[in-house]
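1. Predicted structure and sequence below. I'll ask about it afterward.
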Amino acid sequence: MTMARTAIKEVWVARDGDGDLFAYEFKPFYVVGFGGVWMAPRGAYYKVKNLLFDHLKYDDEPIKAKILSTNLERLA
């Protein structure tokens, strides 16, 4: 039986205008169009389980955090 390896990733976390939570390898910037989204200049980004960071609102600045890889779904 093979066990999946869990890693801790240091990422930038931000919530978009729809309330979804994302993590970025590089600090994202806010884009007013497209319903209010955060975009990073480069690097991968991930969908984060919404149960985490419930205090983070869409108009808050991104925060630097360490997250278990099992809580991330790579999107790009």
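-> Arrived safely. Numbers count the residues shown, from 1 in each chain.
2. how about low-confidence regions in this protein?
-> 1-4, 34-35 (pLDDT under 70).
3. Please enumerate the strands of it.
-> 8-15, 21-24, 29-31, 37-39, 45-48, 63-68, 72-74 (DSSP state E).
4. May I see the buried residues of the last one?
-> Across strand 72-74, burial judged by 16 or more other C-beta atoms under 10 Å covers residue 72. Quick note: C-beta positions are derived from backbone N, CA and C, even for glycine.
5. State the distance from residue 68 to residue 32.
-> When distance is defined by C-beta to C-beta, to the nearest Å, residue 68 is 32 Å away from residue 32.
6. which of those two has more neighbours?
-> Per other C-beta atoms under 10 Å, whichever of residue 68 and residue 32 has more neighbours is residue 68, with 12 against 8.
7. To what extent is residue 30 buried, counted in neighbours?
-> Around residue 30 there are 15 other residues, counting by other C-beta under 10 Å.
8. One more: the one 10 residues further on?
-> Residue 40 has 20 neighbours, counted by other C-beta under 10 Å.
9. Test my guess that it contacts residue 24.
-> Yes. Counting by C-beta atoms under 8 Å, residue 24 is a contact partner of residue 40 at 4.1 Å.
10. which neighbours do the two share?
-> residue 12 (C-beta atoms under 8 Å, 6 or more residues apart in numbering).
11. Let's have the strands of the chain in TSV, adding distance to residue 57.
-> Converted to TSV, these look like this (distance: least, C-beta to C-beta, whole Å):
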stretch	distance to residue 57
strand 8-15	6
strand 21-24	11
strand 29-31	13
strand 37-39	12
strand 45-48	14
strand 63-68	11
strand 72-74	20
